[in-house]
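>>> got a sequence here, can you build the structure:
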Amino acid sequence: MHWDTGNIAFMLVSTSLVMLMTPGLAFFYGGLVGRKNVLTIMIQSFVSMGVTTVLWVVCGYSMAFSGSYGDATNPDIGGVIGNFNMAFLHGVTPSTPFPGSPSIPLIVFIAYQMMFAQITPALITGAFANRVTFKAYLLFLVAWLLLVYFPVAHMVWGGGILQHAGVLDFAGGIVVHATAGFAALAAVFYVGKRRVADAGLHSIPLVALGTGLLWFGWYGFNAGSELKVDPVTSMAFLNTDVAASFAAMTWLVLAWTIEKKPKFVGLLTGSIAGLAAVTPAAGYVTTNTAILIGIVSSVVCYYAISLKNRMQWDDALDVWGVHGVGGVVGVFALGLFATKLVNPEGGADGLFQGNAAFFFKETGAAAGAAAYAFAFTYVMLKVIDKMTPVKVTAAEEEQGLDQSQHGEQAYI
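Numbering: from 1, shown residues only. Next up is the predicted model:
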């Protein structure tokens, strides 16, 4: 077997970058909550790294990436979930090649995709900040990975029914952002409002640190999703930064105009919206389209958060408004603007290139994934609530979850 050491090195670096995003998310969310709940929101991200790794090795990788829809020799289960032939990474050796990019070992791809699985449920935690017991969260984390993330990842990326139908998602607009964002909205509706008004936003520097780590990690998230080093990798890398930067500046100007002050948190939030939106399209569209994605996602997400505020939905850290809405905007843009001129091998032409069918596939897949994640999350929380209380008591909320749930304090 001829290994390409350059591709292997690039993918290991990309894997490390994506891993860094989960601690980055912990800092981002940690700065946005009040002083009494910092450790609680941060441990929810960090524990996802541990729990997801265990599940991934035991069965998660096999559920997401084993078997293929319509394959008589190695079928999946109904095109919805993989088989269990690779549970505990059965049959994987250091010299097993990855079929999708044979110049790298399969173990590299397994590690890379594991990092995606780690951050996706952690995104949801910002929606129910300060309100959910740690025991209920752990049950939620396991159930959500097994019954939402792994099936959707298989359907879109792992040889499932949507992949065979021609649905594209370069780095996770459907698999990561649409599912997490709309699951977050379901959690908001089920858990309800905080009883104790949270001072919130206790450390903007922590938010900035988290944003920097997320932005840095996103190059591995998007450029690494080409799974090798070629011109598409470079395009995805550039599109990632361009969309984030244009989105950040758009949010800054928009908020400055409406709120009369150029706010740092607005700039940071805008960049995350642009990053989420360009994720599904990064390796399939031109840089001019990435500019448009950045601008449009920033405006749409800004007004989505305004709608959330008017409706009094207590999405504490705007997971739905930034990740859910941003991811869907990106998938919509992919359906419109995709061009094989950027990615002649793995890409497609979108509606503006005369391919209306691709546009409808993309929007249908995003809508279906979002609806499934929303409905399943709501029902799942209801079931968990019968096993152990999902919501903390009023007294625990008043005390702060750092102390009541974990017996620790971020600040003395």
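
>>> how about the helices in the stretch 101-250 of the chain?
Along the stretch 101-250 of the chain, the segments classed as helices by DSSP state H, counting those that start in this stretch run 106-124, 134-144, 150-157, 161-164, 179-191, 204-223, 231-259.

>>> how about these, which one is nearest M311?
Closest to M311 of these is helix 179-191 (C-beta to C-beta; 10.1 Å). Heads up, the C-betas are built off the backbone N, CA and C, glycines and all.

>>> now do that closest one: distance to the chain's middle.
14 Å (C-alpha atoms, centre = their mean, to the nearest Å).

>>> gap between the helix or strand A375 falls within and the chain center?
Here A375 sits within helix 356-387, counting by DSSP states H and E. Chain-centre distance of helix 356-387: 14 Å, with C-alpha atoms, centre = their mean.

>>> then T22 would be within a helix, right?
Yes. Counting by DSSP: H, G, I helix; E, B strand; the rest coil, T22 is part of a helix.

>>> and the nearest residue to it once chain neighbours are set aside, what pLDDT?
In space, and not counting its chain neighbours, T22 is closest to I119: 4.8 Å by C-beta to C-beta, 6 or more residues apart in numbering. pLDDT, I119: 97.

>>> now swap in the one 10 residues further on and tell me
For A129, the model assigns a pLDDT of 91.

>>> nearest spatial neighbour of it, skipping sequence neighbours?
Closest residue to A129 apart from its sequence neighbours, by C-beta to C-beta, 6+ apart: A316 at 3.9 Å.

>>> L147: neighbour count?
17 (other C-beta atoms under 10 Å).

>>> contacting residues for it?
Applying C-beta atoms under 8 Å, 6 or more residues apart in numbering to L147 gives the contacts 376, 380.

>>> how close does it get to S297?
According to C-beta to C-beta, to the nearest Å, L147 stands 29 Å off from S297.

>>> isn't the residue nearest to A129 up against I124?
No. Look at A316 against I124 with C-beta atoms under 8 Å: they stay out of range, at 11.4 Å.

>>> so for the two, which sits in the more crowded spot?
When neighbours are counted by other C-beta under 10 Å, A316 and I124 differ, and I124 comes out ahead with 31 against 24.

>>> leaving out sequence neighbours, find the closest residue to the more buried one.
Nearest to I124 is A184, by C-beta to C-beta, 6+ apart, at 4.7 Å.

>>> where does the residue nearest to A129 land on pLDDT?
At A316, pLDDT is 89.

>>> three-state assignment of it?
From three-state DSSP, the assignment for A316 is coil.

>>> show me what contacts it?
For A316, the contacting residues are 32-33, 126-130, 194, 198, 200, by C-beta under 8 Å, 6+ apart.

>>> isn't F332 up against E362?
Yes. Counting by C-beta under 8 Å, F332 touches E362, with 7.3 Å between them.

>>> more crowded one of those two?
E362 (30 against 24).

>>> would you agree the more buried one is in contact with V167?
Yes. Between E362 and V167 there is a contact under C-beta under 8 Å: 6.4 Å.

>>> hmm, back to that, strands - which of the contacts of A316 land there?
The strands, defined by DSSP state E, take in nothing from those.

>>> let me know the closest of the residues you listed to G266.
For the contacts of A316, the nearest to G266 is L32 (12.7 Å; C-beta to C-beta).

>>> with adjacent residues omitted, what lies nearest to the closest one?
Excluding the flanking residues, the one nearest L32 by C-beta to C-beta, 6+ apart is L317, at 5.1 Å.

>>> what bits of the chain have low per-residue confidence?
For the chain, the stretches flagged by pLDDT under 70 are 1.

>>> in it, which residue is most central in space?
Central residue of the chain (C-alpha atoms, centre = their mean): V176, 3.4 Å from the mean position.

>>> isn't that one right next to F116, touching?
Yes. Counting by C-beta under 8 Å, V176 touches F116, with 6.4 Å between them.

>>> separation between Y378 and L238?
Computed with C-beta to C-beta, the distance linking Y378 and L238 is 39 Å.

>>> one more: P121?
29 Å.

>>> neighbour count: these two, which is higher?
Taking other C-beta under 10 Å, P121 and L238 do not tie; P121 has more neighbours (26 against 16).

>>> for that one, give me its contacts.
Per C-beta under 8 Å, 6+ apart, neighbours of P121: 48, 52, 140-141, 144-145, 149, 180.

>>> 10 Å - rerun?
P121 sits next to 44-45, 48, 51-52, 137, 140-145, 148-149, 176, 179-180, 183 when contact means C-beta atoms under 10 Å, 6 or more residues apart in numbering.

>>> what helix or strand does the residue nearest to V196 when sequence neighbours are not counted sit in?
The shortest distance from V196 to any non-neighbouring residue, by C-beta to C-beta, 6+ apart, is to E397 (4.8 Å). E397 is part of helix 394-399 when elements are defined by DSSP H and E.

>>> please save the CA atoms from that helix in PDB.
Provided in PDB are the C-alpha atoms of helix 394-399 (Å, rounded to 0.1, in the frame of the first residue of the first chain):
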ATOM      1  CA  ALA A 394     -35.600  26.500  41.800                       C
ATOM      2  CA  ALA A 395     -33.200  26.300  44.800                       C
ATOM      3  CA  GLU A 396     -30.500  24.700  42.700                       C
ATOM      4  CA  GLU A 397     -30.900  27.300  40.000                       C
ATOM      5  CA  GLU A 398     -30.700  30.100  42.600                       C
ATOM      6  CA  GLN A 399     -27.500  28.600  44.100                       C
END
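
>>> any idea how far it is from the chain center?
Per C-alpha atoms, centre = their mean, the centroid offset for helix 394-399 relative to its chain is 30 Å.

>>> likewise stretch 400-412?
The chain centroid and the centroid of stretch 400-412 are separated by 27 Å under C-alpha atoms, centre = their mean.

>>> which residues are in contact with Y149?
52, 55, 60, 63-64, 116-117, 120-121, 175-176, 179-180, 183, 373.

>>> what do you get if the cut-off is 7 Å, keeping everything else the same?
Counting by C-beta atoms under 7 Å, 6 or more residues apart in numbering, Y149 touches 117, 120-121, 179.

>>> before I go, just wanted to say thanks for your time.
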